[in-house]
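>>> task: produce atomic coordinates for the following.
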Amino acid sequence: MLAKFLVTVIVVGSVGYYALYTFWPTAPISTIKPLDIPASSLPESSVAVPELEESVRDYFVEHRMERERERSQRIELLREVVNNVNSSHETRSKAQMEMIEVAAQREVELYVERLIVGKGFADAVVFFGPVGAEIIVKAESLSEPQALQVADVVTTVGGIKLQNVRVRFRK
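Residues are numbered from 1 along each chain as shown. Alright, predicted model coming up:
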């Protein structure tokens, strides 16, 4: 049991370290300044990016916030079990393992979302369930090859079978 716990801690720590190392800015945030490029120096073929509609922006942000709220409540309940002196050692160990699994799931969801955005989608939100995953991407439409591309990311990184992956889009 202890060996499994240590292996899980090492795996979760490695994933976290990799995510931080990969996505952490190289310069302190306070030193990053926006580029000051005069409009006259931009090529004529530049296209202005339209502002996202408030409802679309809110949809993805709200789903992430709701996912985080639910996860925080779950972690808080598990923390209470771990800190309860009346809980058996086995119950506390299971709660600790579940806390680690929740943290690992969070890292995988964030990593998958970044990979999907890296594939050219404007935004994505990922939900992992007990046996499957649901992905919602921001797109005007979603072709079958695009859906398979998104599903491939989830099956590869998340280790979920293709038939248990559901990909949807939202404008």
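>>> how far away is the closest residue to residue 115 other than its chain neighbours from residue 97?
Nearest non-adjacent residue to residue 115, counting by C-beta to C-beta, 6 or more residues apart in numbering: residue 153, 5.0 Å away. Backbone N, C-alpha and C define where each C-beta goes, glycine included. Distance of residue 153 to residue 97, computed by C-beta to C-beta, to the nearest Å: 27 Å.
>>> where's residue 105, which helix or strand?
helix 89-118 (DSSP states H and E).
>>> and that helix, what does it pack onto?
helix 2-23, helix 54-83, strand 124-128, strand 133-138, helix 144-158 (3 or more C-beta pairs under 8 Å, 6 or more residues apart in numbering; DSSP states H and E).
>>> which parts of that helix are buried?
92-100, 103-106, 108-109, 111-116 (16 or more other C-beta atoms under 10 Å).
>>> and residue 84, how many neighbours does it have?
12 (other C-beta atoms under 10 Å).
>>> now do the same contact list for the nearest residue to it once chain neighbours are set aside.
Distance criterion C-beta to C-beta, 6+ apart; nearest residue to residue 84, sequence neighbours excluded, is residue 92 at 7.8 Å. By C-beta atoms under 8 Å, 6 or more residues apart in numbering, the contact list for residue 92 reads 81, 82, 84.
>>> with adjacent residues omitted, what lies nearest to residue 60?
residue 123 (4.8 Å).
>>> tell me the pLDDT of that neighbour.
For residue 123, the model assigns a pLDDT of 93.
>>> mind listing what it touches?
60, 117, 137, 138.
>>> the second one touches residue 124, doesn't it?
Yes. Using C-beta atoms under 8 Å as the test, residue 117 is close enough to residue 124 to be in contact (5.9 Å).
>>> just for the chain, where's the confidence low?
With pLDDT under 70 as the threshold, the chain has low-confidence stretches at 1-9, 11-57.
>>> make it 50
17, 19-21, 23-35, 37, 41-52 (pLDDT under 50).
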